[in-house]
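> Can you look at this prediction? I've put the sequence above it.
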Amino acid sequence: MIEIQNLTKQFASHTAVDDVSLSVGRGETLVLLGTSGCGKTTTLKMINRLIEPTTGSIRVDGVDVRQQNGPELRRRIGYVIQDGGLFPHYTVAEAIATVPKLLTWETSQIEQRTRELLEKLQLPQNLLARYPAELSGGQRQRVGLARALAARPPVVLMDEPFGALDPFTRRHVRRELFGLNELKETTVVLVTHDVGEALELADRIVLMDKGRIVQIGPPDELRQQPANAFVKDFMDV
Ligand SMILES: Nc1ncnc2c1ncn2[C@@H]1O[C@H](COP(=O)(O)OP(=O)(O)OP(=O)(O)O)[C@@H](O)[C@H]1O
């Protein structure tokens with residue numbers, strides 16, 4: 001469970017995130033939606049402390065994130081970014097095993113989990129010995145997803161996680177991942193500017209504009225009862 005209260009981030013004189021308050025329930029998928037530069041990524045990065053807020057607070061499972069050190073927090077919160085965010089000198093197998101190893105999983109358990117994730121993400125086994133430079137953009141992105149999900153973290157943050165995939169693979173991977181049990185009990189905060197993706201994946205959508213929340217609610221509510229003309233136009237796909 002994530003509770004965000006009066007969160008603001010100021011970069012010099014620019015307010016990137018402006019007094020944002022919201023909560024994400026256990027197992028919920030919350031989608032941050034909005035135009036480029038509206039503050040989605042900045043909001044996401046404050047949850048795992050890659051960016052420190054100017055003011056406001058964030059609690060994950062009742063504990064203020066500022067009371068935990070960054071690396072420890074990020075071990076419990078999966079994080080997926082558009083290009084996969086992989087270390088160049090780690091093979092695919094090593095990348096996926098990173099967090100399970102830190103948590104001292106048995107080798108056989110890590111191998112089994114790796115096989116399972118490759119299957120769900122439609123990645124062939126023969127990629128395991130390759131380095132990120134030897135993968136396509138879409139493969140890198142899926143390996144990034146596998147790495148983030150490997151140890152089944154209770155919270156996963158995703159920043160345009162399907163952005164590099166072609167429309168066909170994108171739909172397929174999305175359905176595989178979100179349709180099966182894989183993410184059912186996981187609290188997910190996902191950033192996208194793709195309305196279709198938001199409508200398909202979100203339990204609730206947070207529509208942002210210029211750092212502020214314009215409307216928050218289930219997909220149908222934003223479509224059927226838009227708070228203003230901006231929401232109506234944005235959701236009208
Ligand atoms: N480190 C930084 N220094 C100064 N300004 C920044 C910094 N990071 C982000 N910004 C500004 O803050 C605003 C919000 O950026 P943010 O990346 O959160 O937007 P976004 O909604 O995720 O956009 P996109 O969909 O394009 O990724 C933008 O105007 C951006 O230029």
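Alright, I've got the coordinates.
> only C-alpha atoms for contact and neighbour calcs from this point on.
Noted.
> Which residues does stretch 125-137 contact?
83, 86-93, 115, 118, 140, 164-165 (C-alpha atoms under 8 Å, 6 or more residues apart in numbering).
> Pull out the buried residues from it.
Of the residues in stretch 125-137, 127-128, 131-132, 137 count as buried by neighbour count, 16 or more other C-alpha atoms under 10 Å.
> what's the average pLDDT for that stretch?
Mean per-residue pLDDT for stretch 125-137: 94.
> just to revisit the earlier point, what two of the buried residues of stretch 125-137 are the furthest from one another?
Among the buried residues of stretch 125-137, the pair separated by the greatest distance (C-alpha to C-alpha) is Leu128 and Gly137, at 15.6 Å.
> just to revisit the earlier point, which ones among the buried residues of stretch 125-137 are found in helices?
Among those, DSSP state H puts Gly137 in helices.
> Does anything pack onto the lowest-mean-pLDDT helix or strand in the chain? Which helices or strands?
In the chain, no helix or strand scores lower on mean pLDDT, DSSP states H and E than helix 167-179, which sits at a mean of 80. With contacts defined as 3 or more C-alpha pairs under 8 Å, 6 or more residues apart in numbering; DSSP states H and E, helix 167-179 has these neighbours: helix 107-120.
> Repeat the analysis, applying 6 Å as the threshold.
Where contact means 3 or more C-alpha pairs under 6 Å, 6 or more residues apart in numbering; DSSP states H and E, helix 167-179 is not packed against any helix or strand.
> doesn't Glu72 fall inside a strand?
No: Glu72 is assigned helix when assessed by DSSP: H, G, I helix; E, B strand; the rest coil, not a strand.
> okay, it: pLDDT?
82.
> Do any residues in stretch 24-32 lie close to the ligand?
No: using C-alpha under 6 Å from any ligand atom, stretch 24-32 never reaches the ligand; the gap is at least 8.6 Å.
> What residues sit buried inside that stretch?
Using 16+ other C-alpha under 10 Å as the test for burial, stretch 24-32 gives 24, 26-32.
> Now, those that are in strands?
Those of the buried residues of stretch 24-32 mapping onto strands are 24, 29-32, per DSSP state E.
> Close to the ligand: what parts of the protein are there?
So far as C-alpha under 6 Å from any ligand atom goes, the chain lies against the ligand at 11, 16, 35-42.
> Which of these lies at the shortest distance from Ile110?
For the residues of the chain next to the ligand, the residue nearest Ile110 by C-alpha to C-alpha is Thr41; the value is 30.6 Å.
> Tell me how far stretch 76-83 lies from the chain's centre.
Put simply, stretch 76-83 sits 6 Å off its chain's centre (C-alpha atoms, centre = their mean, to the nearest Å).
> hmm, who's touching that stretch?
By C-alpha atoms under 6 Å, 6 or more residues apart in numbering, the residues outside stretch 76-83 that reach it are 141, 145, 148, 153, 155-161.
> For the buried residues of stretch 24-32, give me JSON lines that also has pLDDT.
Shown next, in JSON lines, are these (pLDDT from 0 to 100):
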{"residue": "Val24", "pLDDT": "97"}
{"residue": "Arg26", "pLDDT": "93"}
{"residue": "Gly27", "pLDDT": "92"}
{"residue": "Glu28", "pLDDT": "95"}
{"residue": "Thr29", "pLDDT": "95"}
{"residue": "Leu30", "pLDDT": "97"}
{"residue": "Val31", "pLDDT": "97"}
{"residue": "Leu32", "pLDDT": "97"}
